[in-house]
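Asker: Fold the following.
(2 chains)
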Amino acid sequence: MHRPGVATTLGRMGTILFFCQWLGNTSFSVGIRESTWLYPVIESVHVLSLCVFVGLLVLWDLRLVGFTLRRVAVSEVWAWLIPWITLGAALMVISGVLLFASDPVRFYGNIFFRLKAVGLVLALINALAFHLGIERRLPEWDTADVTPRAARVAGIASIALWTAIVMTGRFVAYNWFPPLT
Amino acid sequence: MSLFFQWIEQSWLGTSVNNSLWAFAAFEAAHLLALAVIGGAVLVVDLRTLGWVFPGQSVNAVARDARPWLIGSLVAMFVTGVPLMASLAFSKYYFNEAFRLKMYFLGAALLFTFAVRQRVALGDEARANSRIAKAVAVVSVLLWSGVGIMGRGIGFY
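Answerer: Model (predicted):
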């Protein structure tokens, strides 16, 4: 059902573009964009927290697949890594939002940025599926020699998705394709 | 040294990467992925040495499990890093202060990791839990952070 309003006159993407244009014109955005050192500092934080976040998340995924820390109970790996993974994720989100805010219209039109956004949504869905699925029966396989198939699939899917997210994230820097509308 | 940088840029490797539209970006993305894996493999052992993760596991056990991922990601870093370096060796990196600093940090980090840190983490368990081992873990994290920061800095310099 269509309701009149900004969303229908501009189209759904038009609303997002409108928001990006507004954000890009705020003094906050202009400040990051025009500062000589702010952008490099924020991006360095983004890259360093990648080591903490993706590095330890992949370690957790590898434990689910059964490739590392096999003698450590799955629940123990989770309990000790999750504070660091959360810290890394928080730094990634904060620095990532600031990077986006520095030039929203360019990022909006960049195909790799959109692919990265899709990858992030899929990674969240995968994590949620694991949480609502096989993780509910974790006590049964916490110290099993071989983790259940569903856990291994979730681990491999997570590694594949984060690989795609990191790579498309890096490609955002290139303007190989004309901006999308 | 400048001759080496000139030679590698004009080599088959350097010119191939330079003449390709996507090769540099692809190697760089893979380099970034390997960086993440190194980050995890280094951090988990140093965090354990500091007593901040897996207190129920020995430092030895964690270091043994992380070792193949550390070595594997270092190999991946090298395999992806050399073509990147070759592509603009003399036109950019030879004169790039961040690149130079990164190489110093990398040399120090590699030397420290394999001559000191791995020996401590994989050696006597009592020593691996000592205060000296904790200092070794801090130095390890700082040296590898230096490599990462300077690596990112190459693009901004």
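Asker: Now do the buried residues in the lengthiest helix in chain B.
Answerer: Assignment by DSSP state H gives helix B:59-87 as the longest helix of chain B. Of all the residues in helix B:59-87, those buried under the rule 16 or more other C-beta atoms under 10 Å in any protein chain shown are B:59-63, B:65-67, B:69-70, B:73-74, B:76-77, B:80-87. Just so you know, the C-beta spots here come from the backbone N, C-alpha and C atoms, and that holds for glycine as well.
Asker: what's the answer for stretch A:130-150, then?
Answerer: Neighbour counts over stretch A:130-150 (16+ other C-beta under 10 Å) mark A:F130, A:I134, A:E135, A:W141, A:T147, A:P148, A:A150 as buried.
Asker: angle of the helix or strand where B:R100 lies against helix B:59-87?
Answerer: In the assignment (DSSP states H and E), B:R100 maps to helix B:97-112. Relative orientation of helix B:97-112 versus helix B:59-87 (axes from the mean of the first three to the mean of the last three C-alpha atoms, to 10 degrees): 150 degrees.
Asker: List of residues touching helix B:97-112?
Answerer: B:74, B:92-93, B:139-140, B:143-144, B:146-147, B:150-151, B:153-154, B:156-157 (C-beta atoms under 8 Å, 6 or more residues apart in numbering or on different chains).
Asker: now stretch A:86-105: mean pLDDT?
Answerer: Average pLDDT, stretch A:86-105: 96.
Asker: how far out from the middle of the chain is it?
Answerer: When distances are taken as C-alpha atoms, centre = their mean, to the nearest Å, stretch A:86-105 is centred 10 Å away from the chain's centroid.
Asker: Now do the buried residues in it.
Answerer: By neighbour count on 16+ other C-beta under 10 Å, the buried set for stretch A:86-105 is A:88-89, A:91-92, A:95-96, A:98-105.
Asker: Stretch B:144-157 too?
Answerer: Residues of stretch B:144-157 classed as buried by neighbour count (16+ other C-beta under 10 Å): B:W144, B:S145, B:G146, B:V147, B:G148, B:I149, B:M150, B:G151, B:R152, B:G153, B:I154.
Asker: Could I get the pLDDT score of the fourth one?
Answerer: Pointing back at B:V147 there. Listed pLDDT for B:V147 reads 96.
Asker: That one in helix, strand or coil?
Answerer: helix (DSSP: H, G, I helix; E, B strand; the rest coil).
Asker: Just give the closest residue to it, not the sequence neighbours.
Answerer: Spatially, and ignoring its direct neighbours in sequence, B:V147 is nearest to B:F105 (4.5 Å; C-beta to C-beta, 6 or more residues apart in numbering or on different chains).
Asker: now do B:V37
Answerer: B:S73 (3.9 Å).
Asker: what residue is smack in the middle of chain A?
Answerer: When C-alpha atoms, centre = their mean is applied to chain A, the residue found nearest the centroid is A:L120 (4.3 Å).
Asker: ok, that residue touching A:I165?
Answerer: Yes - with contact defined as C-beta atoms under 8 Å, A:L120 reaches A:I165; the gap is 6.1 Å.
Asker: Quick check: the gap between B:G107 and chain A.
Answerer: Going from B:G107 to chain A by C-beta to the nearest C-beta, to the nearest Å gives 19 Å.
Asker: Apologies, that question was intended for B:F54.
Answerer: 5 Å.
Asker: Residues of chain B that sit close to chain A?
Answerer: Counting by C-beta under 8 Å from any C-beta of the partner chain, the residues of chain B close to chain A are B:21, B:25, B:28-30, B:32-33, B:35-44, B:47, B:53-54, B:56-57, B:61-62, B:65-66, B:69, B:145, B:148-149, B:152-153, B:156.
Asker: Which of those fall in helices?
Answerer: Per DSSP H, helices hold the following members of the residues of chain B next to chain A: B:25, B:28-30, B:32-33, B:35-44, B:47, B:61-62, B:65-66, B:69, B:145, B:148-149, B:152-153.
Asker: For chain A, give me the ranges with low pLDDT.
Answerer: A:1-10, A:12 (pLDDT under 70).
Asker: Output the set of residues of it in proximity to chain B.
Answerer: Contact residues (C-beta under 8 Å from any C-beta) of chain A with chain B: A:40, A:43-44, A:47-48, A:50-52, A:54-59, A:62, A:68-72, A:76-77, A:80-81, A:84, A:162-163, A:166-167, A:170-171, A:174, A:176.
Asker: Looking at the buried residues of stretch A:130-150, which is nearest chain B?
Answerer: Nearest to chain B, judged by C-beta to the nearest C-beta, of those is A:T147 at 15.3 Å.
Asker: And what about the closest one, helix, strand or coil?
Answerer: When classified by three-state DSSP, A:T147 comes out as coil.
Asker: contacting residues for it?
Answerer: So A:T147 contacts A:L64, A:V65, A:G66, A:V74, A:W141, A:G155 (C-beta under 8 Å, 6+ apart).
Asker: Render the CA-only coordinates of stretch A:61-69 in PDB, please.
Answerer: The C-alpha trace of stretch A:61-69 is given here as PDB (Å, rounded to 0.1, in the frame of the first residue of the first chain):
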ATOM      1  CA  ASP A  61      34.700 -19.300  13.700                       C
ATOM      2  CA  LEU A  62      37.800 -21.600  13.400                       C
ATOM      3  CA  ARG A  63      36.900 -23.100  16.800                       C
ATOM      4  CA  LEU A  64      33.400 -23.800  15.500                       C
ATOM      5  CA  VAL A  65      34.800 -25.500  12.500                       C
ATOM      6  CA  GLY A  66      37.300 -27.400  14.700                       C
ATOM      7  CA  PHE A  67      40.500 -25.900  13.300                       C
ATOM      8  CA  THR A  68      41.900 -24.400  16.500                       C
ATOM      9  CA  LEU A  69      41.700 -24.500  20.300                       C
END
